[in-house]
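Student: Mind folding the following:
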Amino acid sequence: MSHEAFLRTALTKYKYFDATKNELLKIMKSFNDLRPASKNFVFNDGVSKDLVCLEGTIPVSYKGKMYNIPICIYLMETHPYNPPMIYVKPTQSMQIRQGKHVDANGRVYLPYLHEWKYPQSDLSGLIQMMSMVFGEEPPVFSKPTVLPANNQSSRLPYPIGNNMPMPSYATGNNQPAQFVPSSNLPYPTYTQPPYPQPPFAAQPLHSNHSVGANISHQAATSSFNNVLSEEERKLSLLSAVEDKMKKRLKEILAQGQAEMETLKTTQEDLEKGRKKLEGIFNKIEQEQMKLESDVRTMQSKATEISQVLSRMKLSEDVLIDDIIVPVAPLYKQILAAFAEEQSIDDAIYYLGEALRRNVIELDVFLKQVRELSRKQFLLRMTINKCRQKAGFVEVY
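Tutor: Numbers count the residues shown, from 1 in each chain. Prediction:
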């Protein structure tokens, strides 16, 4: 089964399936010794989960030479938004070297994991950081072998065998959770160059076993920290500084790109606001010009009214028809029809008064009222049509 087919099956329970699968395929292309697997993980509260992991070796430069360090990277189901768990998986010929970044169980602790924040943090950067840290402080070393005196077989007091320390997973209550492998198979073997081998001299064992164990342990520890030559130390420091500078530059570049995107978005918003304000200003200018024109018109009308009033004061006989002059023929028609219709109302009223006082006969009254009412109806129809044409509300 190909790696991609395996990941499609193993990552079905992962929340961010596509992002996790694409990142794992990318990592396996960059680091050919890493391969995916699915292992059972039991937390200290008894919850058991099948987690996808990457196991294999990563290249580490130590003392100017390249070594392959065996590791296992466990991915949480919420990857890549939560950091993975990393363990050093030594073979039978290796032993874990406990230090600032690796505990006795092989659990790896790095500031990169503590400050994990997707998408700035990823597996590629994590592996590069591990290579740099392990180059300064290797997490494993070869188990020393001592030839005893008198050709008697002996063994140093170091843990040898398949029963390796169980890795732990730090949970919310800071208690380690035991890792239960899904099978009892031994750790995989890797084809790799030899690991740093402490140069032990053959020494006879003392009768006191604790004294011999103490001497062997001191020799193993001191041999791993032998004095480096100036050239090797310089190469190691240059490699560490280069990797650290690359990571730092990558972080600065990502931060700069994020700030540029933010500034670009802000610029777009400001540009939209500027255009909106310009539109508002143009509208205000148009309204101001219209208001100024209306003010001038009102002032002209006020002057005209003042002149008319002055003429009326000087004139004794004023004709009402000369005062009220409609501005349009349609308005003139409405005014004339309305005046005639109102006069018909007055005529009908006075005909009724004449009938009541017996001035006219009933037959004459009915005949006149009938003719006037017909004419009044036609006038009202004319008024409504004219008002409708002028955009006014109908009154009848």
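
Student: what ranges do the helices span in the stretch 201-350 of the chain?
Tutor: 209-224, 230-314, 320-323, 329-356 (DSSP state H, counting those that start in this stretch).

Student: Lowest average confidence across these, which one?
Tutor: Among the helices of the stretch 201-350 of the chain, helix 209-224 carries the lowest mean pLDDT, a mean of 42.

Student: Surely F41 is in a strand?
Tutor: Yes: counting by DSSP: H, G, I helix; E, B strand; the rest coil, F41 falls inside a strand.

Student: count of residues packed around the closest residue in space to K49 that isn't next to it in sequence?
Tutor: Closest residue to K49 apart from its sequence neighbours, by Cβ to Cβ, 6 or more residues apart in numbering: F41 at 5.4 Å. Just so you know, the C-beta spots here come from the backbone N, C-alpha and C atoms, and that holds for glycine as well. For F41, the count of nearby residues is 21 (other Cβ atoms under 10 Å).

Student: Tell me which of the helices of the stretch 201-350 of the chain approaches S61 most closely.
Tutor: Nearest to S61 among the helices of the stretch 201-350 of the chain is helix 230-314 (5.3 Å), distances taken as Cβ to Cβ.

Student: The closest one - contacts with which helices or strands?
Tutor: strand 48-62, helix 123-136 (3 or more Cβ pairs under 8 Å, 6 or more residues apart in numbering; DSSP states H and E).

Student: how near is L270 to K276?
Tutor: 11 Å (Cβ to Cβ, to the nearest Å).

Student: One more: D294?
Tutor: For D294, the distance to K276 - Cβ to Cβ - is 27 Å.

Student: again, but for Y67
Tutor: Taken as Cβ to Cβ, the span from Y67 to K276 is 63 Å.

Student: Those two: which is more packed in?
Tutor: A count of neighbours by other Cβ under 10 Å puts Y67 above the other of Y67 and K276, at 20 against 10.

Student: Please identify the helix or strand for that one.
Tutor: strand 65-74 (DSSP states H and E).

Student: and that strand, how far from the chain's centre?
Tutor: Its chain's C-alpha centre lies 34 Å from the corresponding centre of strand 65-74 when counted by Cα atoms, centre = their mean, to the nearest Å.

Student: I'd like to check the angle between that strand and helix 123-136, please.
Tutor: Counting by axes from the mean of the first three to the mean of the last three Cα atoms, to 10 degrees, strand 65-74 points 130 degrees away from the direction of helix 123-136.

Student: Give the buried residues for the next helix or strand after strand 65-74.
Tutor: Next helix or strand after strand 65-74 toward the C-terminus (DSSP H and E): strand 85-88. Neighbour-count burial for strand 85-88, counted by 16 or more other Cβ atoms under 10 Å, picks out M85, I86, Y87, V88.

Student: For Y74, give me its contacts.
Tutor: Going by Cβ atoms under 8 Å, 6 or more residues apart in numbering, Y74 touches K39, F41, L51, V52, C53, P84, M85, I86, Y87.

Student: if we can go back for a sec, can you verify my assumption that the residue nearest to K49 contacts V52?
Tutor: No: using Cβ atoms under 8 Å, F41 is not in contact with V52; the gap is 10.4 Å.

Student: Can you show me the CA trace of the strand holding Y67 as PDB?
Tutor: Included here for strand 65-74 are C-alpha records, laid out as PDB according to Å, rounded to 0.1, in the frame of the first residue of the first chain:
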ATOM      1  CA  LYS A  65      29.800  14.100  10.700                       C
ATOM      2  CA  MET A  66      26.200  13.200   9.800                       C
ATOM      3  CA  TYR A  67      24.300  10.800  12.000                       C
ATOM      4  CA  ASN A  68      20.800   9.400  11.700                       C
ATOM      5  CA  ILE A  69      18.700   9.900  14.900                       C
ATOM      6  CA  PRO A  70      15.700   7.500  15.300                       C
ATOM      7  CA  ILE A  71      12.500   9.400  16.300                       C
ATOM      8  CA  CYS A  72       8.800   8.900  16.300                       C
ATOM      9  CA  ILE A  73       6.400  11.900  15.800                       C
ATOM     10  CA  TYR A  74       2.800  11.300  17.100                       C
END
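
Student: Could you list the buried residues of that strand?
Tutor: Y67, N68, I69, P70, I71, C72, I73, Y74.

Student: How about stretch 129-137?
Tutor: For stretch 129-137, by 16+ other Cβ under 10 Å, it's M129, M130, S131, M132, V133, F134, G135, E136.

Student: Closest to E251 out of these?
Tutor: Taking these together and measuring to E251 by Cβ to Cβ, the closest member is M129, at 11.3 Å.

Student: How much space separates the residue nearest to the closest one when sequence neighbours are not counted from Q98?
Tutor: Of all residues not flanking M129 in the chain, Y112 sits nearest, at 4.6 Å (Cβ to Cβ, 6+ apart). Distance, Y112 to Q98, using Cβ to Cβ: 20 Å.

Student: same check, this time on R311
Tutor: 116 Å.

Student: likewise Y81?
Tutor: The span separating Y81 from Q98 equals 30 Å under the rule Cβ to Cβ.
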